[in-house]
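Visitor: following is a predicted model, sequence given first.
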Amino acid sequence: MIRIRDIAAKLELSRVTVSAILNNRYKKLGISEKTALRVRACAKDLGYVPDQNALSMKEGRSMTIGMISSALSEGWGARIMVGALQALKGSPYRLRIEAVRGAAEEKLALESLLGSRIEGLFCCNINPTPETDSFFKTATERYKVAVASSNCAFTFPHLRVESDNQGGVEQLMQNLIALGHQKIAHLGGDELSEASRERCQAFTDCLHKHHLESKECPILLTDWDLEKVRNKTRALLTNKNKPSAILCANDTIAACALQVAHAMKISVPDQLSIVGMTDERISSLTIPLMTTVAIPWEKIGGDAIRTLLKAIEEKSPQPKAELICHKSSILKRESTATPSGC
């Protein structure tokens, strides 16, 4: 293992000088940029890796950001985590990740992370009970841990980094309406998820904005359960007043709806248009390819971590309660067309 003393010996410098440069404190000691460049180049050539444990002991800090997520098995959730990890590259901080499912695991995960003295907390896809929400608020305030989240339903002030659900639904609806669709159904998620609620509300707003009849544009919640998706899609497509298009809360729901249409011998897009929402890998593997919305998941994860790091370095106990919203963009593919009869 390459140590600071090895770099110092090779360059004939003191260990204090090398340490100051590698820990980014050299300017305070009057060390020149030329020397700093030499040390960094040598460290890179030798393959020097900072000892995180030693750094933590020296600083008296954990140098750790905690992440609690219930979406790591989802493609978009994994991409958020990748963005978070990328944001930490080149920093002395590390990410400790807890995968959870349900209120009991969420509470245990937070207790475990706080026990390891995390300096910031990033939550992804957590829809807490009122009791859990109160616990997260009290615990993070007590330990002075800054909080950022994405697709969480916390009620206490913190930083939210989200995709533009409103804008994404509007783009999909405008595209369908421009093609001539007037009977558009929405296969939504559940009543708990922040993203699900925002997408349902955006769908309702679009109906009013474009003067579409709500009775001909039903909203059906699936609880993200594929069997429920199948049942509700069949119900929609066997109704006498069936829709000519279905807007789905995510691409997995859209792919499932496409399967049902195929089994019922309903041609997509000739007889029915189907659109997704989350630009998951499955959207580019369906036949026909799925129209969806591109969302910068990696940027969402990266922004959350960068904001936490800034709060930590500024010794701010909490990022300001604010919303960072990343714009989405429609990806027009082959699953939409002018409705039959138009």
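Guide: On my side now, so go ahead.
Visitor: need the contact list for the residue most central in space within the chain.
Guide: A centroid search over the chain (C-alpha atoms, centre = their mean) returns residue 80, at 4.3 Å, as the residue closest to the centre. Neighbouring residues of residue 80 by C-beta atoms under 8 Å, 6 or more residues apart in numbering: 69, 71, 124, 150, 297, 298, 300, 301. Where you see a C-beta, it was placed from the backbone N, CA and C, and this is true even at glycine.
Visitor: ends of stretch 213-229, how far apart?
Guide: 23 Å (C-alpha to C-alpha, to the nearest Å).
Visitor: swap that for stretch 80-95, please
Guide: Start-to-end span of stretch 80-95 (C-alpha to C-alpha) is 13 Å.
Visitor: rewinding a little: among the contacts of residue 80, which are located in helices?
Guide: Residues of the contacts of residue 80 located in helices (DSSP state H): 297, 298, 300, 301.
Visitor: go through those residues and name the one nearest residue 29.
Guide: residue 301 (35.4 Å; C-beta to C-beta).
Visitor: who's in contact with the closest one?
Guide: 79-87, 122, 124, 150, 161.
Visitor: could you list the single helix or strand in this protein with the lowest mean pLDDT?
Guide: Every helix and strand in the chain was compared by mean pLDDT, DSSP states H and E; the lowest is helix 52-59, with a mean of 53.
Visitor: now do the helices in this structure.
Guide: 4-11, 15-22, 33-46, 52-59, 75-88, 103-115, 130-142, 165-179, 194-209, 226-238, 251-263, 297-313.
Visitor: angle of the first one against helix 15-22?
Guide: Which is helix 4-11. 100 degrees (axes from the mean of the first three to the mean of the last three C-alpha atoms, to 10 degrees).
Visitor: then the longest one?
Guide: Here helix 297-313 runs at 130 degrees with respect to helix 15-22, directions being taken by the same axes, to 10 degrees.
Visitor: redo the helices of the chain as TSV? Include distance to residue 185.
Guide: Formatted as TSV, the helices of the chain follow (distance: least, C-beta to C-beta, whole Å):
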stretch	distance to residue 185
helix 4-11	64
helix 15-22	59
helix 33-46	57
helix 52-59	52
helix 75-88	23
helix 103-115	32
helix 130-142	32
helix 165-179	11
helix 194-209	9
helix 226-238	5
helix 251-263	9
helix 297-313	26
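Visitor: do you know which of the ones you listed lies nearest residue 326?
Guide: helix 297-313 (5.7 Å).
Visitor: next, the buried residues of the closest one.
Guide: 297-309, 311-312 (16 or more other C-beta atoms under 10 Å).
Visitor: show the average pLDDT along that helix.
Guide: Rounded to a whole number, the mean pLDDT of helix 297-313 is 92.
Visitor: am I right that residue 273 is in contact with residue 332?
Guide: No - in this structure, residue 273 is not within contact of residue 332 by C-beta atoms under 8 Å, at 11.3 Å.
Visitor: next one: stretch 302-313 to chain centre, how far?
Guide: 15 Å (C-alpha atoms, centre = their mean, to the nearest Å).
Visitor: what's in contact with it?
Guide: Identification of contacts with stretch 302-313 by C-beta under 8 Å, 6+ apart yields 65, 83-84, 86-88, 91, 93, 95, 119-122, 146, 148-150, 159, 161, 316-319, 324, 326.
Visitor: so what's residue 336 scoring on pLDDT?
Guide: 97.
Visitor: contacting residues for it?
Guide: Per C-beta under 8 Å, 6+ apart, neighbours of residue 336: 175, 176, 179, 245, 269, 273, 274, 275, 291.
Visitor: give me that answer again for 7 Å
Guide: Applying C-beta atoms under 7 Å, 6 or more residues apart in numbering to residue 336 gives the contacts 175, 176, 179, 269, 273, 275, 291.
Visitor: how about those, which pair is most distant?
Guide: Most distant of the contacts of residue 336, by C-beta to C-beta, are 175 and 269, 11.8 Å apart.
Visitor: more crowded one of residue 273 and residue 332?
Guide: residue 273 (24 against 13; other C-beta atoms under 10 Å).
Visitor: so the more buried one is in contact with residue 337, correct?
Guide: Yes - assessed by C-beta atoms under 7 Å, residue 273 is found in contact with residue 337 at 6.1 Å.
Visitor: tally of neighbours for residue 325?
Guide: Considering only other C-beta under 10 Å, residue 325 is surrounded by 15 other residues.
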